[in-house]
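Asker: I need the structure of the sequence given here:
(chains A and B)
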Amino acid sequence: MALLFFAPLLIVFAYSLLTRGTYGGVVQPWTIENYRRVFDPLYAEILWRSVWIALVSTAFCLLLGFPLALYIARSGRRKTLLLNLVMLPFWTSFLIRTYAWMFLLRDTGLINSLLESLHLIREPLPLLFNPGAVVLGLVYGYLPFMVLPLYATLEKLDPALLDAAADLGASPWIALWRVVVPLSKPGILAGSLLVFIPCLGAYLTPDLMGGGKTVMIGNLVQNQFTTARDWPFGAAVSLLLMILVLIVTLALRRSGEELL
Amino acid sequence: MDTLLELRALSKQFPTHRAVDGISLSIARGEFFSLVGPSGCGKTTTLRMIAGLDQPTSGEILLNGQSVATLPPYHRNVSTVFQNYALFPHLTVAQNIAFGLERRSPRVSRSAIREKVGQALALVQLSGKEARLPSEISGGERQRVALARSLVLEPEVLLLDEPLSALDAKLRRQMRAGLKSLQRSVGIAFLFITHDREEALSLSDRMAVMNRGSIEQIGTPRELYTRPATRFVAEFLGDVNWMDGAAVRPEALRVSTEFPGDRVRSQPATVEAATFLGNCIHLHARLADGKNCTAELNRMDVPLAPGDPVHLWWQPSDELEIADRP
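Answerer: As a prediction, this is how the structure comes out:
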């Protein structure tokens, strides 16, 4: 088991220290040049954009997912049905769902056509091929990963606590902020990790929804192993991504333990 | 009576059953009032309606003469101590107690809050535990925090939903006395819900017995025990022996080996067992009509064995006048 996990990692690590071959592949000499290149300002911009998009996507997932999870947790007999509905998109391929969004958002797509035919706009709105579309695609794809852990935590909340809060003078809004949210921190943390990490390494969504113009780390790595044929560099970048994710995870876990 | 809280024909209809069926009662200022009955009789639903956590289907709830039935719970000057205390697990003892004070408007200053929290803790004898979390204190201590959390808001009425039932028997008895003296010292009206007749009898100034959504009788513990209006009240508050149509409490029965005369009522019986309980003796006997009865005797002058014929006698004034008989 450990072998299955560590062996590929070791291979990638080895690659990152080698030099690219002319037609791809890796050759000697051993070098740390790849790691030096990673810190080039060009790539720093890509890294920063990836972190930013992942953060924004996570934030939107939280904003949308929390009310949804809360609603489901309080929906009594319809809980199972609603949960299944949340999971339903996973029955379809992610690629197909992404294409569906492109169909909706592009210049000649459903939304623009509808607005134009109602004479609400004269020119099509640029809804696709920008960072906003990337965020939309990521939020859509990863929302269930936020909803499910949140639901699990919220479902366990003792309803007597809400009775007590109301009894002591808290309006429903105050009860939400002072009781529900603090007690759902484990779910918020888990959901945030489950969304942030995949978003950070996303490459399909930025490629399709961003039209290739929004380059994230995932796209960079994919590029190195295909068109650019620079495997060592790609290996170095992907290892860097992994270290970044590790740091974020540990930091969130530690602060989560303090909060709990 | 200086009426503080009044319920008028209060009802709660659920889709499946009528939990509370037109009950009316009044609670006086500073009174310790118990609402007692078996599980499912509607007492908790009644409490929740007074607290504002459930809406009545019909009827009125008047606090100081003003209708509060339409007010949300956070606008009513009543406070509830829940059965499992419902302490906020993420807040310390002090923060739990301060929770209601922080919601007050106009805003209460932080120093004033700290002072009130300190006073409340001293009242329930928990000073020094401010920084503890609910998970770090015992069940009895949690109960006292719940009390302090509600009392610090100085409500007009304190509602207590079976506050002692989550405690073990010994602790329960200890807390009982503490609760009574607490109520006396703060002078706030307590509405105490319980299924335990001993608690209700020992703590209340007045009490009401509830059964299947209705109130069977209201009065002082002594009144309800010695002059129960219905068979349910009689049997709920104590044991009842049916001596040929007369209802007599075990402690009112006496034993004699000879016929005791015509000045008292009596029934012949056969001894089944005499159980020595230390401070009293339970004499189990069978009457002529086959019914069993129990007498509670302080002592037995003549030793009795199973099978012995005896006369069980009682004063006619000790008979319970109950309308419905078996």
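Asker: tell me the contacts of the residue lying closest to residue B:226 once chain neighbours are set aside?
Answerer: Excluding the flanking residues, the one nearest residue B:226 by CB to CB, 6 or more residues apart in numbering or on different chains is residue B:320, at 7.6 Å. In short, each C-beta sits where N, CA and C put it, glycine included. Residue B:320 sits next to B:226-228, B:234, B:240, B:247-249 when contact means CB atoms under 8 Å, 6 or more residues apart in numbering or on different chains.
Asker: distance to residue B:148 for these - can I get that in JSON lines?
Answerer: What follows is the contacts of residue B:320, written out as JSON lines (distance: CB to CB, whole Å):
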{"residue": "B:226", "distance to residue B:148": "37"}
{"residue": "B:227", "distance to residue B:148": "38"}
{"residue": "B:228", "distance to residue B:148": "37"}
{"residue": "B:234", "distance to residue B:148": "38"}
{"residue": "B:240", "distance to residue B:148": "40"}
{"residue": "B:247", "distance to residue B:148": "44"}
{"residue": "B:248", "distance to residue B:148": "45"}
{"residue": "B:249", "distance to residue B:148": "39"}
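Asker: what helix or strand is the closest residue to residue A:217 other than its chain neighbours on?
Answerer: Take residue A:217 and drop its neighbours on the chain: the residue closest to it by CB to CB, 6+ apart is residue A:50, 4.4 Å away. Element membership for residue A:50 (DSSP states H and E) is helix A:41-73.
Asker: in chain A, what secondary structure element scores lowest on mean pLDDT?
Answerer: strand A:26-27 (a mean of 76; mean pLDDT, DSSP states H and E).
Asker: what strands line up against that strand, and which way round?
Answerer: Strand A:26-27 pairs in its sheet with strand A:19-20 (antiparallel), by DSSP bridges.
Asker: list the contacts of the strand it pairs with.
Answerer: With contacts defined as CB under 8 Å, 6+ apart, strand A:19-20 is touched by A:26-29, A:31, A:33, A:229-233.
Asker: how far off centre is the helix holding residue A:50?
Answerer: Put simply, helix A:41-73 sits 6 Å off its chain's centre (CA atoms, centre = their mean, to the nearest Å).
Asker: quick one, what contacts residue B:130?
Answerer: By CB under 8 Å, 6+ apart, residue B:130 lies in contact with B:92-94, B:117, B:121.
Asker: could you do residue B:190 as well?
Answerer: Residue B:190 makes contact with B:31-33, B:157-158, B:160, B:179, B:183, according to CB under 8 Å, 6+ apart.
Asker: include secondary structure, neighbour count and pLDDT when you put these into a markdown table, please.
Answerer: Shown next, in a markdown table, are the contacts of residue B:190 (DSSP: H, G, I helix; E, B strand; the rest coil; neighbours: other CB atoms under 10 Å in any protein chain shown; pLDDT from 0 to 100):
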| residue | secondary structure | neighbour count | pLDDT |
| --- | --- | --- | --- |
| B:31 | coil | 21 | 96 |
| B:32 | strand | 23 | 96 |
| B:33 | strand | 23 | 97 |
| B:157 | strand | 22 | 95 |
| B:158 | strand | 24 | 97 |
| B:160 | strand | 27 | 96 |
| B:179 | helix | 22 | 92 |
| B:183 | helix | 21 | 94 |
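Asker: pick the one among the residues you listed closest to residue B:276.
Answerer: Closest approach to residue B:276 among the contacts of residue B:190 (CB to CB): residue B:179, at 33.3 Å.
Asker: now that closest one: closest residue in space that isn't a chain neighbour?
Answerer: Nearest in space to residue B:179, with sequence neighbours left out and distances taken as CB to CB, 6+ apart, is residue B:203 at 6.7 Å.
Asker: so that neighbour sits against residue B:34, correct?
Answerer: Yes - at 6.4 Å, residue B:203 counts as touching residue B:34 under the criterion of CB atoms under 8 Å.
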